[in-house]
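Engineer: missing the sequence, but the structure's below:
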């Protein structure tokens, strides 16, 4: 999608929105026909779900399936609920098992049994099997349609297997090699097969396999696949037996969704199911209001702290002037630490076991930052107001930065330890926590230095 | 890398760190030998660069290259600077052209000419050609080593080409189809070739191609590759002629780096070159101090605003109590909007052309949020303090939330319009801006309602 195409889609979306509001289906269909599949996908991401459902019905059948498969699972879920039963049943039957499970995860539980009834026995068994794995595990995202080979098989025999599975297998470019007990003993690439003689044995060509266990977190398995540039990662059960594969394009889809969730949570927003422009305002409000309320309730702590020190404040109004600056700097320092540690956890660079290392690094980093800012704060506040005030500001900055960096760095690890998404202790959350602590530190230092 | 393996690596890193500090190279080598390549990579990400360089010299030659290729470009860059000239020249000659350019982008400009001199004429030309494309363009990340076919060629002839390029091509699984002028007219997959008869023509098998122009932003091209699950995206010059391909594993690497940068910037941190645990404290401080200083200078605005309204504050100290809560809520609302819009921009769901749509959505969303919080604030502050104060708090929340959501939503679009990374107007930046505005609104409303 080049910038020009994107602009065309934006204009087409506006036109179709107008035509649909006038019930002009023929007109909408005329705008839709010349668009490519990727353009229709972008279009659906710009329309309300009601308009998207009408538009979807205007697509030719083969094209409709292609468009549906390219939509995000959230959009698929909303669309399925806006379409009629019969339309959905056909669609559902034609999907790949892994895409089907992903879609079911986005639908209300009551819808699943109805859709599953529309499948053939074999497809239903495949799908139900995957639904048995834990939520967020790679078992729900892998594909059960793979081709395997054995160490004793020849290249020619393996190639024949590959040719037989061209239509059904999720990928034929990386093949898991299994022993007689279906345990993974290696992988072999189609490239290796093509470079070998027909009678060469797979056992001599195969490489050591990266694998994932079926109950493992989907994000971790996906990250491993892309980190090592594997076209397919074999997934095994608790006894090392092959049960599925994760292809790199599915890994990229998983990571895209996880990154979107992390980005949203770090900003204190619940992740949106669909694209921003196609989400109704009431859903935008709902995605934000809970956290805002939680944080506002948390912020009443600051009101209480200030209330406690009201006498001090009344005595020296000048102290009030620095409140936003001091708590702002504390919040920023905490955010920085939390952002860095959250990302490192997501990339697997840091684990909860590293808690003491992270703490020691953040205490030192926070102290250095506090010292730099504190000296500056001391000089400026001292020059503009008076040296006693400068001293209070300087000391507070040192203390607040050290505390904020430590708390900010620890929060994501604490979240992971209690098995919660580290991004849930979002930056706004840390800000609110650090605000109240920072105020207490400020007034204690002020009372000590100024003797009030 | 399973959790157990990760723990082993963490322990190995501690042990090796100790052994190296005692100059016990034999001991370190003994710990290193049983580790797999992925484990050594994790290990390098936990050691200081000096220790990593010593460790790297302890690896057997073939293994050393494998480890080096799996490191992030930032770590590669640091390692190259810590190793001796001769070691680096050999390493550099054995890398793929695209990985080589990525590494050069991480090195000081003075190092590049020395390294390029060590290459063969042909390799040097390939590398210099790629270095000619703009920074951050896909031209610097694509691979120039591809296999093509033509519409008039048969499947058998194409298969022969593929067999001839098994060792050199970046991928053989997706082939760009070009006409006589080297223009891309489609793509064909190896899977399609294997399913066809030997004398079938490529023209009858090929599909429409997604493409990218060589000067296009690397992130956009990478996003397209993973969004459509393409194993390889053909890259063309200004005249539609094929100049390279982007494989999906390289696309995933680009996105990983971009997402890390976005996550860091959104938290007001400069992205780290290497993993968190291997970054020295002084670099952590440097990655944070600039933004903290900028934000602290910005926050002096709040001191000035409060200074202006000091008389009002002195008259009603109760107003000071709500300052952190009000500006905190404003900052949070702004962050939420900025986070959502920044992510939508990164995913290509929103473009700068949508500015009015985004503004209208954020004004409405902010107003709804403000109304909900405002009513609550009115009730609580009214009950605890007095109804006049409650009215001030309520009205301020409505106004601040509306302004904050609008500003937060507009900032990323403004950044994109002036061709700056939207994440640069980070959440802390928006908080600081909204803080000062929020205070002005608060005191104006207070003066109007309370008549002071």
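Structural biologist: In hand now; what should we look at? Remember, predicted model here, so these are calculated numbers, not experimental data.
Engineer: which residue is nearest the middle of chain A?
Structural biologist: Compute the mean C-alpha point of chain A, and by CA atoms, centre = their mean the closest residue is residue A:258, 1.5 Å away.
Engineer: so that residue, which of the three states?
Structural biologist: helix (DSSP: H, G, I helix; E, B strand; the rest coil).
Engineer: what sits against it?
Structural biologist: Residues near residue A:258 by CB atoms under 8 Å, 6 or more residues apart in numbering or on different chains: A:218-219, A:222, A:346. C-beta coordinates here come from the backbone N, C-alpha and C atoms, glycine included.
Engineer: show only the entries of those found in helices.
Structural biologist: Judged by DSSP state H, helices contain the following of the contacts of residue A:258: A:218-219, A:222, A:346.
Engineer: please identify which of the residues you listed is nearest to chain B.
Structural biologist: Distance to chain B across the ones in helices among the contacts of residue A:258 (CB to the nearest CB) is lowest for residue A:346, with 8.2 Å.
Engineer: any chance of the ones in helices among the contacts of residue A:258 in a markdown table, plus pLDDT, neighbour count and distance to chain B?
Structural biologist: Output for those, formatted as a markdown table (pLDDT from 0 to 100; neighbours: other CB atoms under 10 Å in any protein chain shown; distance: CB to the nearest CB, whole Å):
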| residue | pLDDT | neighbour count | distance to chain B |
| --- | --- | --- | --- |
| A:218 | 95 | 25 | 15 |
| A:219 | 94 | 22 | 13 |
| A:222 | 96 | 26 | 9 |
| A:346 | 89 | 24 | 8 |
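Engineer: among the residues you listed, which two are most distant?
Structural biologist: A:218 and A:346 (12.9 Å; CB to CB).
Engineer: residue A:130 and residue A:140 touch, don't they?
Structural biologist: Yes: judged on CB atoms under 8 Å, residue A:130 makes contact with residue A:140 at a distance of 5.7 Å.
Engineer: and residue A:200, its phi and psi?
Structural biologist: Phi and psi for residue A:200, reported as degrees, to the nearest 10, are phi -60, psi 150.
Engineer: and the residue lying closest to it once chain neighbours are set aside, what does it touch?
Structural biologist: With sequence-adjacent residues excluded and distances taken as CB to CB, 6 or more residues apart in numbering or on different chains, residue A:200 is closest to residue A:155, at 4.9 Å. When the contact criterion is CB under 8 Å, 6+ apart, the partners of residue A:155 are A:193, A:196-202, A:205.
Engineer: tell me which element residue A:270 is part of?
Structural biologist: Residue A:270 is part of no helix or strand when elements are defined by DSSP states H and E.
Engineer: right, and it touches residue A:294 too?
Structural biologist: No: applying CB under 8 Å, one finds residue A:270 not in contact with residue A:294, separated by 11.5 Å.
Engineer: mind listing what's buried along stretch A:231-244?
Structural biologist: Residues of stretch A:231-244 classed as buried under the neighbour-count rule (16 or more other CB atoms under 10 Å in any protein chain shown) are A:231-237, A:240, A:242-244.
Engineer: near chain B, which of these show up?
Structural biologist: For chain B, the contacts drawn from these by CB under 8 Å from any CB of the partner chain are residue A:231.
Engineer: so which of the buried residues of stretch A:231-244 sit within strands?
Structural biologist: Taking DSSP state E, the ones among the buried residues of stretch A:231-244 that sit in strands are A:232-236, A:242-244.
Engineer: looking at those, which is nearest residue A:437?
Structural biologist: Nearest to residue A:437 out of these is residue A:233 (CB to CB; 43.8 Å).
Engineer: which parts of the stretch 251-400 of chain A are helices?
Structural biologist: Counting by DSSP state H, counting those that start in this stretch, the stretch 251-400 of chain A has helices at residues A:281-308, A:310-315, A:318-321, A:323-346, A:355-384, A:387-417.
Engineer: pull the contacting residues for residue A:94.
Structural biologist: By CB under 8 Å, 6+ apart, the contact set of residue A:94 is residue A:65.
Engineer: show the pLDDT at it.
Structural biologist: Note on residue A:94: pLDDT of 84.
Engineer: over to residue A:3?
Structural biologist: 51.
Engineer: taking the stretch 151-300 of chain A, what residue is nearest to chain B?
Structural biologist: For the stretch 151-300 of chain A, CB to the nearest CB, closest residue to chain B: residue A:267, 2.6 Å.
Engineer: quick one, phi psi at that residue?
Structural biologist: Backbone torsions of residue A:267, given as degrees, to the nearest 10, read phi -90, psi 10.
Engineer: quick one, what contacts residue A:123?
Structural biologist: A:93, A:97.
Engineer: roughly how far does it sit from residue A:170?
Structural biologist: 15 Å (CB to CB, to the nearest Å).
Engineer: quick revisit: return the most buried member of the helices of the stretch 251-400 of chain A.
Structural biologist: With neighbours taken as mean count of other CB atoms under 10 Å in any protein chain shown, those reach their highest mean count in helix A:323-346, at a mean of 29.
Engineer: helices and strands around that one, which ones?
Structural biologist: Packed against helix A:323-346 by the contact rule (3 or more CB pairs under 8 Å, 6 or more residues apart in numbering or on different chains; DSSP states H and E) you find helix A:248-266, helix A:355-384, helix A:387-417, helix A:427-450, helix B:248-266, helix B:281-308, helix B:323-346, helix B:427-450.
Engineer: return the distance of the longest one from the chain's centre.
Structural biologist: What it means is helix A:387-417. Computed by CA atoms, centre = their mean, to the nearest Å, the chain-centroid distance of helix A:387-417 equals 29 Å.
Engineer: what angle sits between it and helix A:427-450?
Structural biologist: Taking axes from the mean of the first three to the mean of the last three CA atoms, to 10 degrees, one finds helix A:387-417 and helix A:427-450 inclined to each other by 150 degrees.
Engineer: go on, the fifth one?
Structural biologist: What separates the directions of helix B:248-266 and helix A:427-450 is an angle of 30 degrees, with the same axes, to 10 degrees.
Engineer: still on that earlier bit, output the helices of the stretch 251-400 of chain A in JSON lines; the columns should cover distance to residue A:35.
Structural biologist: Formatted as JSON lines, those follow (distance: least, CB to CB, whole Å):
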{"stretch": "helix A:281-308", "distance to residue A:35": "26"}
{"stretch": "helix A:310-315", "distance to residue A:35": "63"}
{"stretch": "helix A:318-321", "distance to residue A:35": "58"}
{"stretch": "helix A:323-346", "distance to residue A:35": "36"}
{"stretch": "helix A:355-384", "distance to residue A:35": "50"}
{"stretch": "helix A:387-417", "distance to residue A:35": "43"}
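Engineer: residue B:149: which of those is closest?
Structural biologist: Among these, helix A:323-346 comes nearest to residue B:149, with 40.1 Å by CB to CB.
Engineer: tell me how chain A divides into domains.
Structural biologist: For chain A, automatic domain parsing gives the domain ranges A:3-135, A:155-266, A:280-450.
Engineer: quick check: end-to-end length of the second one?
Structural biologist: Using CA to CA, to the nearest Å, one end of domain A:155-266 lies 50 Å from the other.
Engineer: for chain B, see how far away the nearest residue to residue A:58 once chain neighbours are set aside is.
Structural biologist: Leaving aside its sequence neighbours, residue A:58 sits nearest to residue A:29 (CB to CB, 6+ apart; 4.8 Å). For residue A:29, the distance to chain B equals 22 Å [CB to the nearest CB, to the nearest Å].
Engineer: count of neighbours near residue A:29?
Structural biologist: 15 (other CB atoms under 10 Å in any protein chain shown).
Engineer: quick one: mean pLDDT for the helix or strand hosting it?
Structural biologist: Per DSSP H and E: residue A:29 is located in helix A:25-32. Across helix A:25-32, the average pLDDT comes to 89.
Engineer: that older thread, so of the contacts of residue A:155, which ones are in helices?
Structural biologist: If you go by DSSP H, these have A:193, A:202, A:205 in helices.
Engineer: among those residues, who's most crowded?
Structural biologist: Highest neighbour count within the ones in helices among the contacts of residue A:155, by other CB under 10 Å: residue A:202, with 23 neighbours.
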